[in-house]
Structures are given as structure tokens and as C-alpha cells.
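J.: sequence and predicted structure below; questions after.
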Amino acid sequence: MPVPEPFNVTTDCSLQCVTPALVRTTTPALGVSISGAAGYAFDTTFEVRSAPSVKAPVLANGRTGFLMAPTTVRWTVPQGILSADTPYFWRARSMNERQMFSRWTAWQTFSIDQTRPDVPTVSSAEYPEDQWGAELGTEGTFSFSSNAADVVEFLYHFDYDYGRVEATGTGPRVASVRYTPPSSMSHLLAVTAIDPAGNTSDPRHYRFLVTSPPERYSNWTLDGTTIDSGNIGADGILSGDVSFGPGKLADAAVFNGGTISTAASVVDTADSFTVMAWVNPRDLSGSQTIAAQGALRLYLDATTNAWCGSLGTTVACANGQSWGPPTVDQWVHLALRFDAIRGTLTIFVMGDWESCWLPSERTEVGAAAVASVGPLVIGDRWHGAIDEVWAYRRALEGVEICMAADK
Ligand SMILES: [Ca+2]
């Protein structure tokens, strides 16, 4: 005996695919599974009526022809017979090759909804449409609303993040999602309303702009001085054996056991930051730190002979693509970037024009922010020269790091 199958979720229905079903086409495919004995063929008849009764007129019927069991068979109601918003009833039975009929299935019912929901509205207090909204790092609430009473959910798509959210409420059907845009500048949100039959509205496109925070950075050129040329004003304090010699750009600091350190924190390791420097090692022995502040450290790992950066327990290491591993007496540009919104820690090893376009970088995902305080220390146990140290209180884009390395 045939057993009714759900309607096809891809083409015919969405949330109500079994009786009482709701479909979005006037030519749905009715389906049954035929178990029977393997190797036997069955010819299945479908019929559609206006009421669950043999006295109701047959609106459409059809046969599949003989098909081998076990199988699932479908018969598509022809065009021009069914219309929206009317209940229909169908059943099926199978005949074997000796022309013996099975019993009919129980009556199955469905109706057709072909009304697409209206385009939803979108709003956000933090990120109003087509305007400069909140500063980078601010979580926003985005509210969706539809006047179509049968909307069951909204499909939303932010840049690279997407999902579905259930619609609630009587009157307008509404939902909201909370989202922290991962970068400044322009973003596009697309929202579509969906009804139980799977009818979708046209998408609502909502553009908003995320404000860049004021740029805060330190820059130590190390051209015979430890003054901070940036706008944080964290002048370095020289201690121990540090001298100045030929650098990548004018002079560099040459370390022989001493350090250059600030009086207080320069970046907030609980938030995004980028630390960059040109370095030129005199030897590759021991644990050599280029820059460190509390939980953050940019260093040469002597064990693996790689450039590494760490934030708490997250460690990202890379060798240069065009420069190869750390090499004595060779200038290389390093950057350690923590993106607090994306939760990524990336080490960039660039150093020349070619590697700008083939950046040697390594990103660790799932990096957790670590609150830490303390001075930024440059050159702790470093052997060789360090030049042009930058510390930004934000995650620089790769192209910005590349430009810094392209010197
Ligand atoms: Ca310099």
C-alpha cells in the first residue's frame, strides 16, 4: 500500500510539507513511497478532489505507469487546475502486475499560498540607513518588520555573516538581531521575509556606515632618539646598552642587552591593536623579543626559527614568503595584529615589494582578548637593530601593513 510522502521542500513547500500542507505552487508534485516486494512493479494512481469524499468531483488524476518497488513515485498536478487559497484533497493507490489494487491512502490535504510577503523594513538606532553610525566595535540592534501577517522568519545577510531569525508579534511580524560590524566604513545588510509556504519577499537592502575611531598610535623612528612621533606621546626610556646605528630608515636602535620602554601602556591588549617594526638580527640565539607589553609579545622563536607573536595563550608564527626564515643581518618587516571583533591574531612577515603581494602571514582564530597593563618594552634581549616601531590602537588592514613594509 502506498504511503504519502511530504512535498518537496526545495520546490513546493517550506515549513508545512505534510498534511495539512501549505505549498507555493499550483503544480505541486504529489508523492507516495511504494514498499511492496522488491522486484515487483506497481502502477500508482493519484487523484485530487475538492473535498475528502468520493462524492466530490475529481479535479485531476493521473497514473505513473509501472515502476519497480521499492521506490518513491511522484505525480505532478497539471497546470490550470488548482488555484490559491482553496483546500484540496488527494489520495493514491497502486496496482500490481496482476491488476490487483491496493487500498487508497488516507485523504491528504493541502492548500496553495502564492502571495509573497511585502519587502520588510529595517531599522537600527546605532546604525541608521545611509548615515555614519556608531564607532567601530559598537554592537548594533537591527530590527526587521513585515506587514504580511503570515511571515514566519527573516533571512538576513550582513557582508559575510548570515542567518535566520524567527518572526513574532501580532500585527506587524517583527524580529531583531544584534551584530557588531567587524570593520569601519560601508556595510550592506540584506533582509528577506519568508512565509510558511516558502514564499520570499524581495530583499530589502540596507546600507550603513561604521565610524572609524580616532586614530591613536605611537611611532618611534629611533633616528637617534626615543621620542614618540605619534599622538599617544609615549616617549621611550632608554636603559642599559642601546646605541644608534644605520637603520632601515635613517638610524635604528642597536641593542646590546639594554631596552627601550615606555612609562605606561601604549595599546590596550583587551582591544584591537597592531604593533609593527623593522628588525635586523645580529644572531638567532636565545629568546629575543622585539616588542612586548603585558600579554602581547612579538619575538623571534629560536627553537623553530620563526617570527612569532603571542597574546596570552594564542601564538601565531610565520616565516617570510620571499625572505625565508629569520636570517642574520637582514632587514625584515614584522607586524602583529589582534582583531578583537573577529577574534584573530595575525603575524605578518613582509619585508619587500614582492612579498607585499604574497604576504607571508599566519592567522590564529579564536584568539581571546587579554587585559593587561604595563609599559611597552622594545628590544628585550634582542641582538641587533630595530627600527621604525609603530603601535596602533586598532587592527590595521593588510594593505596598510603592506604599505608600511613597502619601504
Ligand atoms: Ca629610523
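T.: Nice, thanks for sending it over.

J.: CA atoms only: put the top helix by length along the chain into CSV for me.
T.: Assignment by DSSP state H gives helix 398-405 as the longest helix of the chain. C-alpha atoms of helix 398-405 as CSV (Å, rounded to 0.1, in the frame of the first residue of the first chain):
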residue,chain,number,x,y,z
GLY,A,398,46.5,44.1,5.4
VAL,A,399,47.1,46.7,2.8
GLU,A,400,48.1,49.3,5.4
ILE,A,401,50.7,46.8,6.8
CYS,A,402,51.9,46.1,3.3
MET,A,403,52.4,49.8,2.7
ALA,A,404,54.4,50.1,5.9
ALA,A,405,56.5,47.2,4.7
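
J.: what residues of it count as buried?
T.: Counting neighbours by 16 or more other CB atoms under 10 Å, one finds that the buried residues in helix 398-405 are 398, 400-402, 404-405. Heads up, the C-betas are built off the backbone N, CA and C, glycines and all.

J.: then stretch 72-84?
T.: By neighbour count on 16+ other CB under 10 Å, the buried set for stretch 72-84 is 73, 75, 77, 82.

J.: the second one is in contact with residue 44, isn't it?
T.: Going back to what we said before, that points to residue 75. Yes: contact criterion CB atoms under 8 Å: residue 75 and residue 44 qualify, at 7.4 Å.

J.: return every residue with contacts to both of those two.
T.: Counting by CB atoms under 8 Å, 6 or more residues apart in numbering, the common neighbours of residue 75 and residue 44 are 63-64, 92.

J.: strands - which of those residues land there?
T.: 63-64, 92 (DSSP state E).

J.: any chance of the residues you listed in JSON lines, with pLDDT and distance to the ion too?
T.: Below are those laid out as JSON lines (pLDDT from 0 to 100; distance: CB to the ion, whole Å):
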{"residue": "63", "pLDDT": "96", "distance to the ion": "86"}
{"residue": "64", "pLDDT": "95", "distance to the ion": "82"}
{"residue": "92", "pLDDT": "97", "distance to the ion": "83"}
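
J.: please pick the buried ones from those.
T.: With burial judged by 16+ other CB under 10 Å, the buried subset of those is 64, 92.

J.: pLDDT on stretch 48-59, on average?
T.: Over the span of stretch 48-59, the pLDDT mean works out to 96.

J.: between its first and last residues, how far does it reach?
T.: The first and final residues of stretch 48-59 sit 6 Å from each other (CA to CA, to the nearest Å).

J.: just stretch 290-302 next, same as before
T.: Using CA to CA, the end-to-end distance of stretch 290-302 comes out at 13 Å.

J.: which parts of that stretch are buried?
T.: 290-301.

J.: looking at those, which is nearest residue 21?
T.: Distance to residue 21, by CB to CB, is smallest for residue 295 among the buried residues of stretch 290-302, at 57.1 Å.

J.: from residue 332, how far out is the residue lying farthest from the centre of the chain?
T.: Centroid-distance maximum for the chain: residue 98 at 58.9 Å, with CA atoms, centre = their mean. Distance of residue 98 to residue 332, given as CB to CB, to the nearest Å: 84 Å.

J.: how about the residues of the stretch 201-350 of the chain by the ion?
T.: Proximity of the stretch 201-350 of the chain to the ion, by CB under 5 Å from the ion, involves residues 221-223, 247, 249-250.

J.: excluding its backbone neighbours, what's nearest residue 361?
T.: Nearest non-adjacent residue to residue 361, counting by CB to CB, 6 or more residues apart in numbering: residue 348, 4.6 Å away.

J.: that neighbour: how many residues sit nearby?
T.: 30 (other CB atoms under 10 Å).

J.: repeat for residue 369
T.: Neighbour tally, residue 369, other CB under 10 Å: 18.

J.: do the one 4 residues further on as well
T.: One way to gauge burial is a neighbour count; for residue 373, by other CB under 10 Å, it gives 12.

J.: the residue nearest to it when sequence neighbours are not counted and the ion, how far apart?
T.: Among residues not flanking residue 373 along the chain, residue 265 sits closest, at 5.3 Å (CB to CB, 6+ apart). Distance of residue 265 to the ion, computed by CB to the ion, to the nearest Å: 23 Å.

J.: and residue 265, how far is that from residue 286?
T.: Distance of residue 265 to residue 286, given as CB to CB: 26 Å.

J.: just residue 304 next, same as before
T.: From residue 304 to residue 286 the distance is 14 Å (CB to CB).

J.: kindly report the same for residue 214.
T.: For residue 214, the distance to residue 286 - CB to CB - is 39 Å.

J.: secondary structure element holding residue 243?
T.: strand 242-246 (DSSP states H and E).

J.: for that strand, packing partners?
T.: Using 3 or more CB pairs under 8 Å, 6 or more residues apart in numbering; DSSP states H and E, the elements in contact with strand 242-246 are strand 251-256.

J.: picking up where we left off before, check what pLDDT the residue nearest to residue 373 gets.
T.: 96.

J.: pop the domain breakdown of this structure in here.
T.: With domains defined by automatic domain parsing, the chain comprises 3-112, 121-211, 217-405.
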